[in-house]
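Peer 1: Got a sequence here, can you build the structure:
(one chain, ligands or ions: 2)
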Amino acid sequence: MVDAYPFIEERLKEIEEMAKGWPQKLKHELHEEHELELTRQHSFICDGCKESGEVWSFYCRECDFDLLPKCALDKDKETKADAKEEGNTKEGWVCDR
Ligand SMILES: [Zn+2]
Ligand SMILES: [Zn+2]
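Peer 2: Numbers count the residues shown, from 1 in each chain. Ligands and ions are numbered 1, 2, ... in the order given. Sure, this is the predicted structure:
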């Protein structure tokens, strides 16, 4: 008999596992004035690469600054070899009527 999968707990475990080995706090060159704190978020936009993220963010509460773990932990930042450049035009597009 299978009632109610322990789905959520499994998921939570995964989430905890993900963050294993990550620092609770770190400093990053994109946000040098404060430490970023490992924080659980529902969803956020990374202030580094503007991608959306969920679950874990390195976050500065004072500034509402989010960084994806992959961005925050990426020490030697790989050159921006972003294959996908779609949606690039939206930024800076201001309708000023
Ligand atoms: Zn990012
Ligand atoms: Zn800050």
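
Peer 1: Distance of K13 relative to F7?
Peer 2: Summarising the geometry, the distance separating K13 from F7, computed by Cβ to Cβ, to the nearest Å, is 11 Å. In this view, the C-beta of every residue, glycine as well, is placed from N, C-alpha and C.

Peer 1: These two - which one has more neighbours?
Peer 2: Summary of the neighbour comparison: K13 and F7, criterion other Cβ atoms under 10 Å, with K13 having more neighbours (11 against 8).

Peer 1: name the helices or strands packed onto the helix or strand harbouring that one?
Peer 2: Here K13, judged by DSSP states H and E, is contained in helix 7-18. Contacting helix 7-18 under the criterion 3 or more Cβ pairs under 8 Å, 6 or more residues apart in numbering; DSSP states H and E are the following elements: strand 52-60.

Peer 1: Give the next helix or strand downstream of the strand it packs on.
Peer 2: Toward the C-terminus, strand 52-60 is succeeded by strand 65-67 as the next helix or strand (DSSP H and E).

Peer 1: right, is the lengthiest strand in the chain up against ligand 2?
Peer 2: Taking DSSP state E as the assignment, the strand of the chain that covers the most residues is strand 31-45. Yes - looking at strand 31-45 against ligand 2 by Cβ under 5 Å from the ion, the contacts come from H34.

Peer 1: And the average pLDDT for that strand is what?
Peer 2: Averaged across strand 31-45, pLDDT comes to 96.
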